[in-house]
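[1] coordinates only, sequence not included:
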């Protein structure tokens, strides 16, 4: 009888803790502010000659017409930087489509080696389970 | 007669108070609206980047300036060229280059929150949940920061923000522009380390 009462207390305590943790989780999920534009990517195309005011408007218009390209398009000298939703179109797809819209000589900008090789902390071994698991989870949401 | 005098005195006193307070109201300059209000405030508008969603105009203005600033910095990134701030954003740039854009979205969101909330946009949508400025800009405490910022680096960053603000309709000869630069200058001490 005494054992039953002790078991009952333990079970009730565990249930209480579980309920409290569940409540905290629900509150956390409900109150967290979602990040805007989670799939946003920034990409750059380098052209062979600088843009003037007319060709700037033209290239911005042509980029805007491509699905997935966001509103901010920065044109500086011979460089065009734009934001896009990488779930809709990646930078290669956008580059390929833009090239069909005019007689351009341009190339996609790839990060210089000295910057691309900068490791992002915490540094993880790319063949580790932790890295693969993180990539998998990020792949779901991104 | 005495009763009449009392009423007259009362009328004079009331008139004096009334006219004094009117005069005070007329002379007092109207308080300057916050930067957030001058950028559009809490007026809800359609979000151009998220069809079907609404956004506060003040927040949208800041987001545009933040995006343009990041874009201008990326436009200047060159191999082996110092002073273009690419090294400061190297961790994020390398991630974006590798196809992981989560932290770029967080950076843009955090910067938009930070500037919106601290310039008058205090609605919950702008709540800043990032690191404080000293920690955020110390590479040993925040591995997201590629390198420390010198005074010259920060001056260059302010220049990028100024150019971005101008590209988004804030003319350099306006009080609004001066006020935005003043906010940026108030952050120089915690950021330059």
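    Arrived safely. Worth saying up front: this structure is predicted, and the values here are computed from it rather than measured. Numbering: from 1, shown residues only, chains lettered A, B, ... in the order given.
[2] And the spatially most central residue of chain A, its phi and psi?
    Most central in chain A under C-alpha atoms, centre = their mean is residue A:39, positioned 3.9 Å from the mean C-alpha point. Note on residue A:39: backbone dihedrals following degrees, to the nearest 10 are phi -100, psi 20.
[3] who's in contact with it?
    A:85, A:86, A:87, A:88, A:142, B:101, B:105 (C-beta atoms under 8 Å, 6 or more residues apart in numbering or on different chains). To be clear about C-beta, it is placed using only N, CA and C from the backbone, and glycine gets the same treatment.
[4] from these, which has minimum pLDDT?
    The weakest per-residue confidence within these falls on residue A:142 (49).
[5] If I follow the layout properly, residue B:163 ends up in contact with residue B:75?
    No. Look at residue B:163 against residue B:75 with C-beta atoms under 8 Å: they stay out of range, at 10.5 Å.
[6] which one of those two has more residues nearby?
    Neighbours were counted for residue B:163 and for residue B:75 using other C-beta atoms under 10 Å in any protein chain shown; residue B:75 has more, 21 against 17.
[7] Quick check: the more buried one touching residue A:73?
    No. Using C-beta under 8 Å, residue B:75 is not in contact with residue A:73; the gap is 10.9 Å.
[8] doesn't residue B:119 fall inside a helix?
    No. Counting by DSSP: H, G, I helix; E, B strand; the rest coil, residue B:119 is not part of a helix but coil.
[9] Sketch out the low-pLDDT regions of the chain for me.
    All of this refers to chain A. Within chain A, the ranges that satisfy pLDDT under 70 run A:1-2, A:29-32, A:113-128, A:130-142.
[10] The chain in question should be chain B.
    For chain B, residues meeting the criterion pLDDT under 70 lie at B:1-27, B:79-84, B:90, B:97-98.
[11] Compute the distance between the residue most central in space within chain B and residue B:58, please.
    Centroid-nearest residue in chain B, with C-alpha atoms, centre = their mean: residue B:115, separated by 3.4 Å. The spacing between residue B:115 and residue B:58, counted by C-beta to C-beta, to the nearest Å, is 10 Å.
[12] Pull out the buried positions in stretch B:35-52.
    B:35, B:36, B:37, B:38, B:39, B:40, B:41, B:42, B:47, B:49 (16 or more other C-beta atoms under 10 Å in any protein chain shown).
[13] ok, and what's touching that stretch?
    If you take C-beta under 8 Å, 6+ apart as the criterion, stretch B:35-52 is touched by A:36-37, A:70-71, A:83, B:33-34, B:53-58, B:60-62, B:116, B:119-121, B:123, B:176, B:179-180, B:183.
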